[in-house]
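**Q** sequence first, predicted model second:
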Amino acid sequence: MRIVVLAGGIGGARFLRGLKRAAPDADITVIGNTGDDIHLFGLKVCPDLDTVMYTLGGGINEEQGWGREDETFRVKEELAAYGAGPEWFGLGDRDFATHIVRTQMLDAGYPLSAVTEALCDRWKPGVRLIPMTDDRVETHVAVAPADGDGERRVVHFQEYWVRLRAAVPAEAIVPVGAEQSKPAPGVLEAIAEADVILFPPSNPVVSIGTILAVPGIREAIADAGVPVVGLSPIVGDAPVRGMADKVLAAVGVESTAAAVAAHYGSGLLDGWLVDTVDADVVGRVEEAGIRCRAVPLMMTDVDATARMAREALALAEEVRGA
Ligand code: FO1
């Protein structure tokens, strides 16, 4: 079975660990979000690609869900000693090696998709990880004036999330460069050849939404003619982790499992899993033309996540047979 998964960072990576357990013989292609990418100290950092690579490759800092395990921060300390900012983004020594190798290869002219393939040669994530595009796309966030000074500011997503902790209202989310970008080699082919397409519980705006903003990807998925099944990142009207509620508000979508399904739309989604606490919305989602089931969606461990993945694949088969 060929499965295509649109993945953001921590939620997507953890879901993939369960999917691999649920479907060990499947051929899984991950289309990774690159809108979170940031250039720091002359290096290109790809948080969502690295989180998938490290999580599935066994190098992730498990508690954080990002960055490397057994990390040290000597380089970060030395940079700070020189007054070289920003200091708010925690780059560890081991992680720096990934960004140095990636940047060297990009500077040598390799596209990000080839670089990602090369980095995965080391990590062997057990899935094919393709960036959504080889072109530069960076999500920026327009935030309300902090102290009412009237100036609306636009900050890089990482600054909004890591430095501001999403504590100020987000008024607009802009995937800068998305309109001019094109799907990376292999993305449209993987979608066309897929037997099922999954939207894991990643951020529907800045992760999956950004991937869908690359011209051609949303249309390819809508036209793929195979079941597209998503899992709600919102449980009981709140994101399980991260700031999905804040960025959903910025795009005028309420932070509920039903609203996110409607946001993707029945033109894209055939099936939607909500958590058992949201069982009351199943009817409403089905009225919108999207088959819906309520199952436990807390990824407490790999077994629980594998059960979720099995439920998603089962719903896909139910949709296929409909
Ligand atoms: N998240 C934080 O909350 N604080 C950090 O200092 C931080 C550093 C960091 C470094 C590398 C990396 O790949 C991810 C990092 N993240 C950090 C997480 C990152 O903001 C998120 O993983 C994604 O961008 C959102 O999914």
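**A** Received the coordinates, thanks.
**Q** I'd like the distance between residue 280 and residue 232.
**A** Residue 280 sits 13 Å away from residue 232, going by CB to CB, to the nearest Å. For glycine as for every other residue, the C-beta is placed from the backbone atoms N, C-alpha and C.
**Q** and residue 20, by the same measure?
**A** Between residue 20 and residue 232 the computed distance is 21 Å (CB to CB).
**Q** between these two, who's got more neighbours?
**A** Between residue 20 and residue 232, residue 232 has the larger neighbour count (other CB atoms under 10 Å), namely 27 against 20.
**Q** point out where this structure drops to low pLDDT.
**A** Low-confidence segments of the chain, defined by pLDDT under 70: 146-149.
**Q** so which residues on it come close to the ligand?
**A** When proximity is defined as CB under 6 Å from any ligand atom, the chain approaches the ligand at 8-10, 36, 45, 47-48, 50-51, 66-67, 89-91, 95, 158, 161-162.
**Q** now, these that are in helices?
**A** The helices, defined by DSSP state H, take in 10, 47-48, 50-51, 95, 158 from these.
**Q** highest neighbour count among these?
**A** residue 48 (30 neighbours).
**Q** identify the residues contacting that residue.
**A** Contact partners of residue 48, counting by CB atoms under 8 Å, 6 or more residues apart in numbering, are 7-9, 12, 32-34, 36, 207.
**Q** cool, residue 296 as well?
**A** Counting by CB under 8 Å, 6+ apart, residue 296 has contacts 275-276, 304, 307-308.
**Q** buried among the residues you listed? Make that a PyMOL selection.
**A** In PyMOL syntax, the buried subset of the contacts of residue 296 is picked out as below (16 or more other CB atoms under 10 Å):
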select buried, resi 275+307+308
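**Q** in helices only, show me the contacts of residue 296.
**A** Short answer: these in helices (DSSP H) are 304, 307-308.
**Q** now render those residues as TSV, adding distance to residue 112.
**A** Output for the ones in helices among the contacts of residue 296, formatted as TSV (distance: CB to CB, whole Å):
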residue	distance to residue 112
304	33
307	34
308	30
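**Q** between those, which is nearest residue 133?
**A** Nearest to residue 133, judged by CB to CB, of these is residue 308 at 28.2 Å.
**Q** can you give me the strands in the stretch 151-300 of the chain?
**A** 153-156, 170-176, 196-199, 228-231, 234-235, 238-239, 271-274, 291-294 (DSSP state E, counting those that start in this stretch).
**Q** just send those back as a markdown table, with mean neighbour count too.
**A** Output for these, formatted as a markdown table (neighbours: other CB atoms under 10 Å):
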| stretch | mean neighbour count |
| --- | --- |
| strand 153-156 | 16 |
| strand 170-176 | 19 |
| strand 196-199 | 28 |
| strand 228-231 | 26 |
| strand 234-235 | 22 |
| strand 238-239 | 16 |
| strand 271-274 | 28 |
| strand 291-294 | 20 |
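**Q** for residue 41, which of these is the nearest?
**A** strand 153-156 (14.5 Å).
**Q** now the closest one: how far from the chain's centre is it?
**A** 20 Å (CA atoms, centre = their mean, to the nearest Å).
**Q** packing partners of that strand?
**A** strand 138-143 (3 or more CB pairs under 8 Å, 6 or more residues apart in numbering; DSSP states H and E).
**Q** can I get the strand it packs on in PDB? Just the C-alpha atoms.
**A** What follows is strand 138-143, C-alpha atoms only, in PDB (Å, rounded to 0.1, in the frame of the first residue of the first chain):
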ATOM      1  CA  GLU A 138       8.700  31.200   5.000                       C
ATOM      2  CA  THR A 139       5.600  31.700   7.100                       C
ATOM      3  CA  HIS A 140       5.400  35.200   8.600                       C
ATOM      4  CA  VAL A 141       2.800  36.300  11.100                       C
ATOM      5  CA  ALA A 142       1.200  39.700  11.400                       C
ATOM      6  CA  VAL A 143       0.800  40.400  15.100                       C
END
